[in-house]
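K.L.:
Give me the fold of what follows.
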Amino acid sequence: MSAPLESQRGREKLAHDGHIYVFAQFSKDKTKEFWRCQFKNSRTGKCLARLHKCLISDEISVLGIHTDMPNAAAIEVLQQKVALKRRAVDTAEAPQQIISRIRATSSVAAQGAMESNKGLARIVQRTRNRYAIPSTHYSTRSEIVIPEEYQVYESTPGNFERFLLGDSGSDDPNRILIFGRESTNAWIGEVSKIYVDGTFSLAPELFCQILVILGERPGVVTPMLDMLTLGWPNFNPGAISMDYEKALINAFSAYFPTAEIHGVFSISYRI
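P.N.:
The predicted structure follows:
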C-alpha cells in the first residue's frame, strides 16, 4: 500500500511498505512515475532501491533491495506533519492547540520521533506565513476572543452544550478560562472525590498552567471543570487527590475545609 507524503521542504514523497521514496521524474511517455529511496544520497549508507508507479493502473513495482530498514514511525511522523500544516491553514487554532491534537492522535513511537513542541510551532507559523494567514498571537490575555464555535461542545450529532463555562473577564489581569461540559451539572451530586492535576508544558502562551479536575463517581472517573462552589453550590467532595503544589492545596482547603486532601506525584498514572 502506498500513500503520498510531503517533506519538510514541501517536496513530494511516497510511502510504500515502510519505506519512503522521493519523486525523481516521469517516464518519457508520461505514463509512469519514477521514485528513488530517500536515502539514495545518505552519507551513512546509500540505498539504490527504486519504485515505479504506473499512472494508468496505479500498479507499483520496487526495483532493487533496500539497505535501510522499514520505519513505520517515520512515515507516521510525515503524515502527522501534513495534518499539522492542514490544520494551520484550515483553522484559527493557536499553535499549541494544533500540536496537542496532533500528538493526541499519534502513536507512542511517532511521538518519540517528532520534533519538540517548539519545532512544531515553527512549522505552523511558517505554513501560515506562506499562505499569508494572519497570526492569532495575542500580547495580553485581555485581547483573547474565543469564537462562538469554540464555546460549545457537540456531545452527540446535533446536540450542543456549553463548553466555555467560566471566564473571569478581559479586565482581569490574571484572566482564567474554564472549560468543561454543561451537562456535568446533572451528575455532580454523585461525586464524592475529585482529582486535580496541573501541567505547565501544554499551557498556551500568556497562561502559566492548565489545571484539570476529574470527578469520581460509581464506576467511572470523569473530566469536570466549572466554577466549583460558584457553579455547583451543592458540590462538597469528601476527598481530593492532587499534586504537591502548596498554592493549590491551600486554595482547595479554603473552599472545601472538611475534605481530606491527599498529595500524589502523578495523578494521570493513578486514574
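K.L.:
When you work out contacts or count neighbours from here on, use the C-alpha atoms and nothing else.
P.N.:
Fine.
K.L.:
okay, and for the stretch 151-271 of the chain, where does confidence drop off?
P.N.:
The model of the stretch 151-271 of the chain has pLDDT under 70 over residues 218-236, 247, 265-271.
K.L.:
which residues in it form helices?
P.N.:
For the stretch 151-271 of the chain, the helices defined by DSSP state H, counting those that start in this stretch occupy 246-255, 267-270.
K.L.:
what's the burial count for the closest residue to A72 other than its chain neighbours?
P.N.:
Leaving aside its sequence neighbours, A72 sits nearest to G18 (Cα to Cα, 6 or more residues apart in numbering; 5.2 Å). Neighbourhood size, G18 [other Cα atoms under 10 Å]: 15.
K.L.:
do you know how far the residue nearest to F26 when sequence neighbours are not counted is from Q25?
P.N.:
Excluding the flanking residues, the one nearest F26 by Cα to Cα, 6+ apart is E33, at 4.6 Å. Applying Cα to Cα, to the nearest Å, the value for E33 to Q25 is 6 Å.
K.L.:
More neighbours: the two, which one.
P.N.:
Higher neighbour count among E33 and Q25: E33, with 18 against 12, using other Cα under 10 Å.
K.L.:
would you say the more buried one is within a helix?
P.N.:
No. Using DSSP: H, G, I helix; E, B strand; the rest coil, the assignment for E33 is strand, not a helix.
K.L.:
hang on, the earlier thing: hey, what's the residue nearest to F26 bridged with?
P.N.:
Taking DSSP bridges as the rule, E33 bridges to F26, K53.
K.L.:
what's the first-to-last distance across stretch 82-100?
P.N.:
Distance across stretch 82-100, first residue to last, is 15 Å (Cα to Cα).
K.L.:
Identify each buried residue in it, please.
P.N.:
V82, L84, K85, R87, A88, V89, A94, P95, Q96, I98, I99 (16 or more other Cα atoms under 10 Å).
K.L.:
what's the answer for stretch 52-60, then?
P.N.:
Using 16+ other Cα under 10 Å as the test for burial, stretch 52-60 gives H52, K53, I60.
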